[in-house]
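J.: everything below, folded, please.
(chains A, B, C and D)
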Number of protein chains: 2
Amino acid sequence: MSPRRVTLADVAKAAGVSRTTASLVLSGRGRELRISQDVEQRVVKTAEELQYRPNIVSRGLRTGSSRTIGFVSDTVATSRLAGDMIKGALEAARDRGFMLFIGETEGDAELERLLLQAMHDRQVDGLILASMFTRTIKVPKAVMAAPAVLLNALPKQPAPLPAILPGEVEAGRRAARVLVDAGHRDGIYLIGAGPRLRDVPPESLAAVERLIGIREALGEAGVKVAGARTCPDWQPEYGLAATRDLLRTVRPRALICFNDRIAMGAYQALDDFGLKVPADVSIVSFDDHPIASWMRPRLTTVALPHYELGRKAVDVLFTEIGRDRSAGERAGEAHRAGEVHRAGEVHRVPMPVRHRESVAVADGAVADGAGST
Amino acid sequence: MSPRRVTLADVAKAAGVSRTTASLVLSGRGRELRISQDVEQRVVKTAEELQYRPNIVSRGLRTGSSRTIGFVSDTVATSRLAGDMIKGALEAARDRGFMLFIGETEGDAELERLLLQAMHDRQVDGLILASMFTRTIKVPKAVMAAPAVLLNALPKQPAPLPAILPGEVEAGRRAARVLVDAGHRDGIYLIGAGPRLRDVPPESLAAVERLIGIREALGEAGVKVAGARTCPDWQPEYGLAATRDLLRTVRPRALICFNDRIAMGAYQALDDFGLKVPADVSIVSFDDHPIASWMRPRLTTVALPHYELGRKAVDVLFTEIGRDRSAGERAGEAHRAGEVHRAGEVHRVPMPVRHRESVAVADGAVADGAGST
DNA sequence: ACTCGTTGCTAAATCGGGTTAGCGCCCGAT
DNA sequence: ATCGGGCGCTAACCCGATTTAGCAACGAGT
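T.: Residues are numbered from 1 along each chain as shown, chains lettered A, B, ... in the order given. Modelled structure (predicted):
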């Protein structure tokens, strides 16, 4: 079936040189080690003719690198969320000639241990530990055996791991600014969390940070949150229930929904009460889930930059891998000044606003066009 | 940092035996090769104490197997679709101690070539070629270097590759039966494709097969399709437009939408015309996209079994790998009778109906409860 | 006492590359 | 003629396992 791969030995024999010479030439060290132009060209030509490709497994055995990184997510490497993150990571890795192992722990610590083990057994060069919703996680010891970064998560105990997170606070500010810029001053309600900082679903970093941003931006504009309804889980049904509950007593002019699924429920509730979006009620939300552009009117929302998060995680991981390598070389040597990154650095990836159709200029407001991005 | 892994040589030395003996014992061939109980226990105990784990890269170099399979998808290993497929594949692979490489070709043949190369360079034991929507694909030659299966795709030219596909024809039958069983006889319209078999989006196998199933089941019940509207792309906006167009001239009693996104558009159109689901119009659809259970009323739909497709692909791939291995052993030997699988076998994974709230019993119909599953 | 057959283990080759040390050769200088 | 030194290349070892071939020790049979 498969006619055996061409090996370095084959190339060497065909070119009439030793394996060493072939290896030297093909790894670009020919010049440095004084291989003649003549031989060099012959080897390169032969390798091409035979369509030689080095076996990475073999090379990895010698060099210790497998040109592979592991992507470990807790729940569902699979939700739509993860999809684009993986895509970003995939492309960033590919740019460097690396492949991606995927694994899921399903929140099970034992599974996680096994998975990390399986990855180490395959000599991964680095690890990305991803969480599907922004939160703090307990970092398993096994992770420390290789360079690693946290994606969409923060370490529960202080750990020397870089973390990549969406810029949630700024996202909160941006959502609020969308309403403020459209002239909204009164009747702004929150659906999903708030109004106080402790009125949030457990473990949800995003909720806290979005809320902080919202309150900051609103505060700066001299605007007060008129009220809020929390949701035990950020699903459409709870968004529906929370909004219905709200509408029983008040007539809001604008809603900030803590995610798009909640917003979907809010749309349904408003429809039930005969209220129109955005004529009666403006809505701004978070995530830019696919449904956001399927809803009518299309939902204005602050997007989770999944793709960029994935890319960034790989980028940061590679600086970690580089740091690790050079640390090995000058083991024990004092770090030179200026080279001192704190290893636990937190990288924030900006969340862009997707302006669509769910926000209207407030009655009596002067549209001044001074919109924030 | 990482205190060097424990190798087989370490275990052997600590146990006072040769590497050979240690290897024999730890790979379970100790009994067979007459290693004494005494030594065997000593080795096992030592390995445990040192927490020895074999290096799979090294083992792979010798045995040729990397205990890894490659999952190559065309577009977005990432859409919600792919997510569960990958999850299924992941778990099935994990059950066998295998890891998954993920790769995306984005429909680019050159990228695909590179990706397959990169996977072969890492000695993958097998490949899954997945398509994100059911269609025929051109199988690159490079695939044949290892056992492979097609997932959600059929080879364009006849190729000896097994294919895993959802049972779309039967799904079509089931969707139609849902309406028939609810007593619907008249005013059944299709949104997305039909009424003729050639009225389908290009390249969409699913459309053709669902349509075949629908027409069969309806025909058997002596029911005629009242009409249909095609959609250039199966997105909500086209579903909305197509349904609106339909409602301008007729009042349907039931719609079969070719997927849930179309159904979402149909809901919106019906709402525009003041028609209620399911009181005025029953709707049945395909895919069981997450939105199906977010819509109001919750959508009755025939689910794409993504998770099972992924699992099945891995299962079939492993029988291919096994076949390949034994073919190598008895190279040239004639296949024994009864062992003759056609290699191009097509496996169909059933699509289950998710009964929800969008189908009502037809006026004047006698609910006889003789529902098909 | 000598062969033969087990039993229990190990030396050595192998997989496919990367890496180090150093071998022959030719040239110019002494 | 001899020596030193650069040039051009290769032998040999290494990574960490698996696997084949075979060695020593011992008891039984003749």
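J.: hang on, A:H347 in a strand?
T.: Yes - judged by DSSP: H, G, I helix; E, B strand; the rest coil, A:H347 forms part of a strand.
J.: what residues are up against A:A226?
T.: A:186-189, A:250, A:252 (C-beta atoms under 8 Å, 6 or more residues apart in numbering or on different chains). The way it works is simple: take the backbone N, C-alpha and C, and place the C-beta from them, glycine included.
J.: buried residues in the helix ranked longest in chain A?
T.: Ordering each helix of chain A by length in residues (DSSP state H) puts helix A:306-329 first. Under the neighbour-count criterion of 16 or more other C-beta atoms under 10 Å in any protein chain shown, helix A:306-329 has A:306-318, A:320-321, A:324 buried.
J.: does DNA strand D sit close to that helix?
T.: No - Helix A:306-329 is not in contact with DNA strand D by C-beta under 7 Å from any atom of the strand; minimum separation 14.3 Å.
J.: off-centre distance for that helix?
T.: Distance of helix A:306-329 from the chain centroid (C-alpha atoms, centre = their mean, to the nearest Å) equals 14 Å.
J.: ok, that helix near DNA strand C or not?
T.: No - figure legend: helix A:306-329 not in contact with DNA strand C (C-beta under 7 Å from any atom of the strand); closest approach 12.0 Å.
J.: CA atoms of that helix as PDB?
T.: Only the C-alpha atoms of helix A:306-329 are listed here, as PDB (Å, rounded to 0.1, in the frame of the first residue of the first chain):
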ATOM      1  CA  HIS A 306     -12.500  34.100  20.100                       C
ATOM      2  CA  TYR A 307     -10.300  33.900  17.100                       C
ATOM      3  CA  GLU A 308      -7.900  36.500  18.400                       C
ATOM      4  CA  LEU A 309      -7.900  34.900  21.800                       C
ATOM      5  CA  GLY A 310      -6.800  31.600  20.200                       C
ATOM      6  CA  ARG A 311      -4.100  33.300  18.200                       C
ATOM      7  CA  LYS A 312      -2.800  35.300  21.100                       C
ATOM      8  CA  ALA A 313      -2.600  32.200  23.300                       C
ATOM      9  CA  VAL A 314      -0.300  30.600  20.800                       C
ATOM     10  CA  ASP A 315       1.800  33.700  20.400                       C
ATOM     11  CA  VAL A 316       2.300  34.000  24.100                       C
ATOM     12  CA  LEU A 317       2.900  30.300  24.400                       C
ATOM     13  CA  PHE A 318       5.800  30.600  21.900                       C
ATOM     14  CA  THR A 319       7.400  33.400  23.900                       C
ATOM     15  CA  GLU A 320       7.100  31.100  26.900                       C
ATOM     16  CA  ILE A 321       8.700  28.200  24.900                       C
ATOM     17  CA  GLY A 322      11.500  30.500  23.900                       C
ATOM     18  CA  ARG A 323      12.000  31.800  27.400                       C
ATOM     19  CA  ASP A 324      12.100  28.200  28.600                       C
ATOM     20  CA  ARG A 325      14.700  27.200  26.100                       C
ATOM     21  CA  SER A 326      17.000  30.100  26.800                       C
ATOM     22  CA  ALA A 327      16.600  29.500  30.500                       C
ATOM     23  CA  GLY A 328      17.800  26.000  30.000                       C
ATOM     24  CA  GLU A 329      20.900  27.200  28.200                       C
END
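J.: quick check: mean pLDDT of it?
T.: Mean pLDDT, helix A:306-329: 88.
J.: so what does it touch, helix or strand wise?
T.: helix A:80-95, strand A:126-137, strand A:148-155, strand A:163-166, strand A:346-349 (3 or more C-beta pairs under 8 Å, 6 or more residues apart in numbering or on different chains; DSSP states H and E).
J.: buried residues in the third one?
T.: Of the residues in strand A:148-155, those with enough neighbours to count as buried (16+ other C-beta under 10 Å) are A:148-155.
J.: what's it in contact with?
T.: So strand A:148-155 is contacted by A:85, A:126-139, A:161-166, A:205, A:309-310, A:313, A:316-317, A:320, A:344, A:346 (C-beta under 8 Å, 6+ apart).
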